Structures are given as structure tokens and as C-alpha cells.
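Student: sequence first, then the predicted structure:
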Amino acid sequence: MRLNRRSGMLAPVQPGPVMSSDVAELQELLAQVALRDRAAFQELYRRSSPKLFAICLRILKDQQEAEDALQEVFVKIWHNADRYAAPLASPQAWMNAVTRNLAIDMLRRRRPGGGEMDAAERLADDRPGPEEAAVMRSEGRRIEACLAQLDPDRAEAVRLAYVEGASYVELAERFDVPLNTMRSWLRRSLIKLRECLTR
């Protein structure tokens, strides 16, 4: 990890590109970050900051703002790594989404109502092409089939947590269970989903 001397903020390092074979390693790093492992966080930063910085820079078009955004992105990743759900998205796709959303929010705050916002949203649009969309639909059907094998309340909790972004506290209140019980539900449900998806 490297600090920018001018701003005192984190700045991207220059490792090699993230290859598809690194998906399992990124998943493991995110799992360790969810457990507050600082060494894993530094390694995750080293591996993913160049790509995430490029997204920030592409949207914000300002080096300093992109560096600030990258700093905020990694704060969000640190605090929300436990929300990453491997069966639902690749680790890079999840981090890209966090980055795009944050950079677009920064742009909105900077220029409310500006025409530049539409251009940034188009630039940030990583919608899949037809082949990738077909693969994603197929994967979506597999995930739905695996979710159907869970108890209905567990499946609903997984959807609310990892698709709609509900917090553990909100879910515990909604299902009227203790917070640790909800964490256990989600952890076990994700394990079952992984097992189902790898069959």
C-alpha cells in the first residue's frame, strides 16, 4: 500500500492485472477482510486498487478526486466485506459495483443536476453483452434453484441481505431472531449455496 505524499491519501499501486484464476484468492481475501484481517486488506488493496482507481478516474475525470474516492471505496470494503456473497457475484464485480456507485455519488454531490452526470453513468455502465447476459441468466436460474433448496426463511434472508443490502440487524429484527442467529443463518446458507453451485 502506498500513500500519496501530496494528499496523505492511499494511492493505487501497480501490480499485474487480476486474472480469472485469482477469483478464489480474492474471495478468500474478502473473507479474511470480513474478519478484520489487516494483512489480507493490504493484499486486497495491492491486487485491486489499480482497476478500482481506473473506474474512479474514468467517472470523476480528476486525479485528486479519484484518489479520494479510492480511499472511500476501501473504507466501504473494509466495513462491508461481510456482505460479499460469492455465489451471487465475483469479488471483482462486487468491488467494481461498490466503486462505481461511490464515484457516481461523488459526482452527484459535486455537480447536482449537471449534464455530466448522464455521461458518467453511461461510462460506468458495464452491462453485459448478449453472450455474457445469457450466461448470467443461466447462472441466475442455478442460484434460484439452489435458493429453493434452503428453508424459505433462510432463502428470503439471503435475498434481503445480498440482493437488497439489508443489514444483519435489520434482518434479525424482521425475522425476530437474535443477531448471532441471523449471522449463523446467513453463513450456513451461503455454505449450502456454494455446495449446491459446485455440484
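Tutor: Yes, it's here. Values in this document were obtained by computation on a predicted structure and should not be read as measured data. Residues are numbered from 1 along each chain as shown.
Student: what strand or helix carries Arg36?
Tutor: Taking DSSP states H and E as the definition, one finds Arg36 inside no helix or strand.
Student: and the lengthiest helix in the chain, what's buried?
Tutor: Taking DSSP state H as the criterion, the chain has its longest helix at helix 38-60. Neighbour counts using 16 or more other CB atoms under 10 Å place 40-41, 43-53, 55-57, 59-60 of helix 38-60 among the buried residues. Glycine gets a C-beta too; all of them are placed from N, C-alpha and C.
Student: what's that helix packed up against?
Tutor: On a contact count with 3 or more CB pairs under 8 Å, 6 or more residues apart in numbering; DSSP states H and E, helix 38-60 meets strand 10-11, helix 23-34, helix 63-80, helix 91-110, helix 116-124.
Student: save those as TSV, and put in mean neighbour count too.
Tutor: Converted to TSV, the helices and strands packed on helix 38-60 look like this (neighbours: other CB atoms under 10 Å):
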stretch	mean neighbour count
strand 10-11	20
helix 23-34	18
helix 63-80	19
helix 91-110	18
helix 116-124	14
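Student: so which of the ones you listed gets nearest Pro178?
Tutor: Taking CB to CB, helix 23-34 is the member of the helices and strands packed on helix 38-60 nearest to Pro178, at 19.7 Å.
Student: just the CA atoms of that closest one, as PDB, please.
Tutor: Only the C-alpha atoms of helix 23-34 are listed here, as PDB (Å, rounded to 0.1, in the frame of the first residue of the first chain):
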ATOM      1  CA  VAL A  23     -11.100 -15.300  -8.200                       C
ATOM      2  CA  ALA A  24     -10.700 -17.800  -5.400                       C
ATOM      3  CA  GLU A  25      -7.900 -15.900  -3.900                       C
ATOM      4  CA  LEU A  26      -9.900 -12.600  -4.000                       C
ATOM      5  CA  GLN A  27     -12.800 -14.400  -2.400                       C
ATOM      6  CA  GLU A  28     -10.600 -15.700   0.400                       C
ATOM      7  CA  LEU A  29      -9.100 -12.200   0.900                       C
ATOM      8  CA  LEU A  30     -12.600 -10.700   1.200                       C
ATOM      9  CA  ALA A  31     -13.500 -13.400   3.700                       C
ATOM     10  CA  GLN A  32     -10.400 -12.500   5.700                       C
ATOM     11  CA  VAL A  33     -11.100  -8.800   5.500                       C
ATOM     12  CA  ALA A  34     -14.600  -9.500   6.800                       C
END
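Student: so how far is that helix from its chain's centroid?
Tutor: In terms of CA atoms, centre = their mean, to the nearest Å, the gap separating the centre of helix 23-34 from the centre of its chain is 11 Å.
Student: now for Phe175: which residues touch it?
Tutor: Contacts here follow CB atoms under 8 Å, 6 or more residues apart in numbering; on that basis Phe175 touches 153, 157, 182.
Student: run a quick neighbour tally on the last one.
Tutor: Here the number of neighbours of Met182 (other CB atoms under 10 Å) works out to 22.
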